[in-house]
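Trainee: predicted model, plus sequence, below.
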Amino acid sequence: MNLLNYAKTSLDVLLTFLFFFSFPCNVFYRSSVLALPIILLLVAFNRKTMQKVYALVRTSQVWRSLAWPLIMAIYTCLWTRILQAFDDSLVRSSLIYFAFLVGSFLLYCHLSRRHGPLGVLRIIFYVFVVQSVIQIISFVWEPFLQLSREISPIAESSDVLYGYITWRGFALSGVKFFGLSVVYSLVFVCHVFFQKKNFDWKELVLLVVFVTGGLFSARSFFLGILVALGVLVLSSRGLKTIFKLTLGAILLIFAFPIIAPIEVQEKFSGQLFPWLFEFYHSYQNTGKATVKSFNALMDGHHFALTAKQIFLGDGCYETFDGMPYGDTDAGYWRVLLFGGIPYLLLRVFFILRVLRPIYLLRLRSAKMLFFSLFGMLILFEVKGDVLGGLTMMTMCLFIFSMSVHELNLTWHSGARLGVHGWVFPKLFPRNLGVARIQQYLQESPKQASPKKI
């Protein structure tokens, strides 16, 4: 990579970082407010990017995914009035959702023009590596932590309750803790799937940094690690890759006491590790593997619902002071309390629509990735409102889906796409995606007839 390309890549990583994490910014309110006009200018003043936008938005996958938040806004607006609750919090959040999805689509078109569909996935991975570096530096260097907290403050009450405030909330992000760990998990699973044949020592170091940042966000990231390992095991030659990663991780663990200062070692051993493996320490002390936050979630946030709440809901998502309705943070409970099972299904169908290009990808392990991602998100919903409620997660999932969607188009260039005309063959040359996927995965595509995209 020459110097100019390196500079362009660095600027794209910075732009994506500002847009994705949307952390507080004194002048522009949020970093995403600063990033969005830049994205619009980059797209508007580049003819090839505009052609890509025009070509992609005419496919049914894109315009239906973008339209879904508007459908949910209309549905929630009508439903809360039918139940005479008049809670418009979900209407506002759905419209914000739509704005961020449109911004994500434009950002994808810009990144894809410069780096290609799979290059976009690499950019997203670099963005989260940068976030992990910020968290690690904040953990080991107090002045940097104070600067990070001044830029991106946190609500300390919940962490003070459980005693975590001294080593959590390091991320320079508007979404911290559980929500951030969900996005880390999503990026990690997709990254190991598309990069599973290219793990070298450089990649191993980046993965260790990435995983460390994910664990700083929340212990929920352990689920992402397990799903990623499952993806590797079920993929071709995944066991060989796992062996390499395990060997490299062991070497880094043994090297840590040699290269890390004593103060850093004490912080890891005295603060971080007891929190990460609280279930193990609890088992050693009490004979039961328990976690405080999980116990509080199950005891205080899950309660019996009436038949009306299950099938119809109460039409309320937040109270007048902005607190969760019903005093619960559990994802399924919040969704059911608003609109019952119909609204839950609406959100599930939205996620399935976004994930659809992964299911259609003509690779043997594509459906395995589809069900792994969907199952992981279903499990995360137990703890928090993830399915259609976590904007950053949907932005990231949408960009991954767009990358796969564009790769799918390379198999079907010149074919009828959805109901909206022909895709420009110059933008999507035939078999380009086949070569790129085989280069990354070294896996033969399935022999299948073209499907409607």
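Mentor: Cool, got the structure.
Trainee: in contact with residue 352, which residues?
Mentor: residue 374 (Cβ atoms under 8 Å, 6 or more residues apart in numbering). For glycine as for every other residue, the C-beta is placed from the backbone atoms N, C-alpha and C.
Trainee: what does it show for phi and psi?
Mentor: When read as degrees, to the nearest 10, the backbone of residue 352 gives phi -60, psi -40.
Trainee: so what's residue 107 closest to, chain neighbours aside?
Mentor: residue 39 (5.2 Å; Cβ to Cβ, 6 or more residues apart in numbering).
Trainee: buried residues, the helix or strand hosting the one you found. List them.
Mentor: Residue 39 is part of helix 31-44 when elements are defined by DSSP states H and E. Across helix 31-44, burial judged by 16 or more other Cβ atoms under 10 Å covers 31-32, 34-36, 38-39, 42-43.
Trainee: so what does residue 324 look like in phi/psi?
Mentor: According to degrees, to the nearest 10, residue 324 has phi -60, psi 130.
Trainee: let me have the buried residues of helix 31-44 in TSV, extended by distance to residue 179 and pLDDT.
Mentor: Formatted as TSV, those follow (distance: Cβ to Cβ, whole Å; pLDDT from 0 to 100):
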residue	distance to residue 179	pLDDT
31	16	90
32	15	92
34	21	91
35	19	94
36	20	93
38	25	95
39	22	96
42	28	95
43	28	95
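Trainee: how is this structure carved up into domains?
Mentor: Domain ranges of the chain: 46-115+309-453, 117-296, per automatic domain parsing.
Trainee: hmm, the residue nearest to residue 107 is touching residue 111, no?
Mentor: No. Contact criterion Cβ atoms under 8 Å: residue 39 and residue 111 do not qualify, at 9.8 Å.
Trainee: from the contact counts, what lies against the strand or helix carrying residue 118?
Mentor: Using DSSP H and E, residue 118 maps to helix 117-140. Applying 3 or more Cβ pairs under 8 Å, 6 or more residues apart in numbering; DSSP states H and E, we find helix 117-140 packed against helix 3-21, helix 89-115, helix 142-151, helix 178-194, helix 201-217, helix 262-267, helix 391-411, helix 432-441.
Trainee: who wins for proximity to residue 248 among those helices?
Mentor: Across those, residue 248 has its closest neighbour in helix 201-217 (4.3 Å, Cβ to Cβ).
Trainee: send me the closest one as CSV with only the CA atoms.
Mentor: The C-alpha coordinates for helix 201-217 follow below in CSV (Å, rounded to 0.1, in the frame of the first residue of the first chain):
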residue,chain,number,x,y,z
TRP,A,201,1.0,-12.8,13.1
LYS,A,202,0.0,-9.3,12.2
GLU,A,203,-3.7,-10.5,12.0
LEU,A,204,-3.3,-12.3,15.4
VAL,A,205,-2.1,-9.1,17.1
LEU,A,206,-5.0,-7.2,15.7
LEU,A,207,-7.4,-9.9,16.8
VAL,A,208,-6.0,-9.9,20.4
VAL,A,209,-6.4,-6.1,20.5
PHE,A,210,-9.9,-6.4,19.1
VAL,A,211,-11.0,-9.1,21.5
THR,A,212,-9.6,-7.1,24.5
GLY,A,213,-11.7,-4.1,23.5
GLY,A,214,-14.7,-6.4,23.2
LEU,A,215,-14.2,-7.8,26.7
PHE,A,216,-13.8,-4.2,28.1
SER,A,217,-17.3,-3.4,26.8
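Trainee: buried residues in that helix?
Mentor: Buried, per 16+ other Cβ under 10 Å, within helix 201-217: 203-204, 206-217.
Trainee: state the phi and psi torsions of the closest residue in space to residue 334 that isn't next to it in sequence.
Mentor: Computed as Cβ to Cβ, 6+ apart, the closest residue to residue 334 that is not its neighbour in sequence is residue 385, at 5.1 Å. Dihedral pair for residue 385: phi -80, psi 100, per degrees, to the nearest 10.
Trainee: ditto for residue 45
Mentor: phi -100, psi 20.
Trainee: count the residues that sit near it.
Mentor: 9 (other Cβ atoms under 10 Å).
Trainee: just the pLDDT for it.
Mentor: Here the pLDDT value assigned to residue 45 is 94.
Trainee: and the gap between it and residue 104?
Mentor: In this view, residue 45 and residue 104 are 20 Å apart by Cβ to Cβ, to the nearest Å.
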